[in-house]
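Colleague: from the sequence below, what's the structure:
(2 chains)
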Number of protein chains: 2
Amino acid sequence: MTIAVDAMGGDHGVSVIVPAALQVLAKYSKLQLILVGDQDTLKKELLARHAKNEPRLTIQHASQRVEMDELPAQALRTKKDSSMRVALNLVQSGKAAACVSAGNTGALMATARFVLKTLPGIDRPAIISTFPTTNGTRNMRMLDLGANVDSSAEHLFQFAVMGSVLASAMDNIDQPKVSLLNIGEEAIKGNEQVKQTAILLTQSKALNYFGYIEGDQIYKGEVDVVVCDGFVGNVALKTSEGVAILLGKIIKETFQKNILTKLAALIALPVLKAATKRIDPDRYNGACFIGLQGIVIKSHGGANINAFAHAIEEAIIQVEKKIPQLISNKVEQLLKM
Amino acid sequence: MTIAVDAMGGDHGVSVIVPAALQVLAKYSKLQLILVGDQDTLKKELLARHAKNEPRLTIQHASQRVEMDELPAQALRTKKDSSMRVALNLVQSGKAAACVSAGNTGALMATARFVLKTLPGIDRPAIISTFPTTNGTRNMRMLDLGANVDSSAEHLFQFAVMGSVLASAMDNIDQPKVSLLNIGEEAIKGNEQVKQTAILLTQSKALNYFGYIEGDQIYKGEVDVVVCDGFVGNVALKTSEGVAILLGKIIKETFQKNILTKLAALIALPVLKAATKRIDPDRYNGACFIGLQGIVIKSHGGANINAFAHAIEEAIIQVEKKIPQLISNKVEQLLKM
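Modeller: Model prediction:
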């Protein structure tokens, strides 16, 4: 199995991506990695890490780099030899089974869509990621997290199909519970797209449709998949980060209040640190661009070594499970029904 | 000042609402309250609380009650003598300066809109509430939280105007910073409505437009007002609740792990409780239905006595500040520009 890694993407570039790649290579003895990027920079980094002669690691030179704030359309037009584009080309040509990048999300999505194309029966790729829940170690997957705005009912239905296939394959769930994110406050529940999607999901026998859920149920662990428009999903994801930061900051400030609370902190902080491990963002790093003719994993731009390694491992499992093939099969099955 | 209280709404009804009303009356010596609901039930409750002869408290009988799960359109059609409707009628006829209810949100919105009508120049009322931020004691107000789905740019602009007026009057801010909730991940940033709203806000000189913010910035305290569609705002609000519950549960479980962590909990829990006070939902209870010809405050259905009392106090301040009048003035000023 060979995976292409965009070595120039993300906030930290090669200093995080190269050691992460070496870490994953040490763990998976049959894995081959292609590091895509500036060959001089990469050679220097490998030399510094005494890994110049690692036989399962090759360098594919790319002369350009997509900046984190570059406009996607511009990157697509002017950066034809970027590390991102070359890594995706390796997937398209079959030289790699998946691509992992921590680069500019919009540019990666636009380029991936252009290079790889969507699967037959899928109109738009979506961004899907895993989230912790209050239900023990059970996880939940949510899509779309920002690839599409103004998704139609047909698009949301396709997201549901893809989410169900991914949850089933990755978490070995026979009939993943698929839910539709909605609001309950408004006179006539929800917007037109969501209501239409509910009809499609109720009619379809191919999915285990759970029904509507509201925002406060996302993390409850009642469902395996949460489907929503990319604008809504992105706001939910980012808002969650914001709340976690708010709570963390308030707890820290309260423990800093006086000498007594500072003493309490000495005892409490190790326990609080253990608590945050369960929702450690590193362990959840690696969103999937689902619906493409190829596997593309997007790492958080600010990922550290462990987090980026986790994103590569996510790619490995998706390759093993043949996710794009499974989605194609499911779409074909649906078309026959 | 007289305020009408829907005494039959919410999960706990008179057992919470009557003591909350008495609590607020004791605090504000010039306040008059009208409790609207079944007179026998109310008389019994007041008798039990030794408040039968409170001169500043009157009972207005209403023979019906809107159930929490009742469809708004049905409540509007069939519950013309509900406590909710009668309380709103008191505002409409000028007998009360505001209405406070913990009842069915959709029914309250539909009925309030029907009975009170929107202010001139405002197409749709919105739900606005106050949120804590990481920036010390600074608060933020966000709208719409669920009254409208598929809001157009004109609607979002009106929300911005109303939010700015409310933040300015309630928090004594000269030029509240008004932001537009958006996503940054997608190829062309945001959806059409948000982009159009940004143009309107940039052109308008009457508002202090901050620009786009993403979900993780909501709680940062950089802005005074966050404007978004009601579907998006409701998801953000509910998701925030879900994250807080998730984190609270994980922390609790970690402290319950073994004898050592249980001992640590004895020391840490008082500090953690002090921390949660800063984001105590009771202190933030009382969302405003803004944009109506009258003041309507919606309490959380599950509010306890302190929380419901807070919602009544929110109504008192809005009456003192003459919020609907201020919004009318601002709209008129904008029309002249």
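Colleague: ranges for the helices of the stretch 51-200 of chain A?
Modeller: Assigned by DSSP state H, counting those that start in this stretch, the stretch 51-200 of chain A shows helices spanning A:72-78, A:83-92, A:105-116, A:153-171, A:192-203.
Colleague: same question for the fourth one, mean pLDDT?
Modeller: For helix A:153-171, the per-residue pLDDT values average out at 96.
Colleague: now swap in the first one and tell me
Modeller: For helix A:72-78, the mean per-residue pLDDT is 93.
Colleague: how about it, does it reach chain B?
Modeller: Yes. Using Cβ under 8 Å from any Cβ of the partner chain, helix A:72-78 reaches chain B at A:72-73. Every residue, glycine included, has its C-beta placed from N, CA and C.
Colleague: buried residues in that helix?
Modeller: A:72, A:75-76 (16 or more other Cβ atoms under 10 Å in any protein chain shown).
Colleague: lowest average confidence, helix or strand, in chain A?
Modeller: Across the helices and strands of chain A, mean confidence by mean pLDDT, DSSP states H and E is lowest for helix A:259-277: a mean of 82.
Colleague: where do the strands sit along chain A?
Modeller: For chain A, the strands defined by DSSP state E occupy A:2-6, A:32-37, A:57-61, A:98-101, A:126-132, A:139-143, A:177-181, A:208-213, A:225-227, A:287-290, A:295-298.
Colleague: return the residues of the stretch 1-150 of chain A in contact with chain B.
Modeller: Going by Cβ under 8 Å from any Cβ, the residues of the stretch 1-150 of chain A near chain B are A:72-73, A:105-106, A:109-110, A:127, A:132-134, A:145-150.
Colleague: need the buried ones from those residues selected in ChimeraX.
Modeller: In ChimeraX, this line selects whichever of these come out buried by 16+ other Cβ under 10 Å:
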select /A:72,105,106,109,110,127,132,133,134,145,146,147,148,149
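Colleague: which pair in the residues of the stretch 1-150 of chain A next to chain B spans the largest distance?
Modeller: A:A73 and A:T134 (40.9 Å; Cβ to Cβ).
Colleague: what's the distance between A:I173 and B:L71?
Modeller: 35 Å (Cβ to Cβ, to the nearest Å).
Colleague: which one of the helices of the stretch 51-200 of chain A is the most hemmed in?
Modeller: Among the helices of the stretch 51-200 of chain A, ranked by average contacts under mean count of other Cβ atoms under 10 Å in any protein chain shown, first place goes to helix A:83-92 (a mean of 25).
Colleague: picking up where we left off before, show me what the least confident helix or strand of chain A is in contact with.
Modeller: A:251, A:254-256, B:250-251, B:253-255, B:257, B:261, B:263-265, B:267-268, B:270-272, B:274 (Cβ atoms under 8 Å, 6 or more residues apart in numbering or on different chains).
Colleague: got a quick ChimeraX command for the buried subset of these?
Modeller: Filtering those down to the buried ones (16+ other Cβ under 10 Å) takes a single ChimeraX command:
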select /A:251,254,255 /B:250,251,254,255,261,264,265,267,268,271,272
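Colleague: A:E241 contacts B:G215, correct?
Modeller: Yes. Using Cβ atoms under 8 Å, A:E241 is in contact with B:G215, at 7.2 Å.
Colleague: the more surrounded of those two?
Modeller: Neighbours were counted for A:E241 and for B:G215 using other Cβ atoms under 10 Å in any protein chain shown; B:G215 has more, 28 against 17.
Colleague: look up how far B:G13 lies from the residue lying closest to A:G190 once chain neighbours are set aside.
Modeller: Once flanking residues are discounted, A:G190 sits nearest to A:N182: 4.4 Å by Cβ to Cβ, 6 or more residues apart in numbering or on different chains. A:N182 is 27 Å from B:G13, where distance means Cβ to Cβ.
Colleague: ditto for A:M68
Modeller: A:M68 sits 54 Å away from B:G13, going by Cβ to Cβ.
Colleague: who has more neighbours, the two?
Modeller: More crowded of A:M68 and B:G13, by other Cβ under 10 Å: B:G13, with 20 against 14.
Colleague: quick check: closest non-adjacent residue to the more buried one.
Modeller: Counting by Cβ to Cβ, 6+ apart, the residue nearest B:G13 is B:A7, at 7.3 Å.
Colleague: tell me the contacts of that neighbour?
Modeller: B:13-14, B:17-18, B:21, B:35-37, B:42, B:83.
Colleague: same check on A:G248?
Modeller: Not one residue lies near A:G248 by Cβ under 8 Å, 6+ apart.
Colleague: which pLDDT value goes with it?
Modeller: Model confidence at A:G248, given as pLDDT, is 86.
Colleague: where does chain A have low pLDDT?
Modeller: By pLDDT under 70, the low-scoring segments of chain A are A:185-188.
Colleague: what do you get if the cut-off is 80, keeping everything else the same?
Modeller: A:136-137, A:184-190, A:276-283, A:335-337 (pLDDT under 80).
Colleague: which residue does the stretch 1-150 of chain A bring closest to chain B?
Modeller: Of all residues in the stretch 1-150 of chain A, A:G146 sits closest to chain B, at 3.4 Å by Cβ to the nearest Cβ.
Colleague: enumerate every residue touching that residue.
Modeller: A:105, A:127, A:230-231, A:233-234, A:237, B:183, B:185-186.
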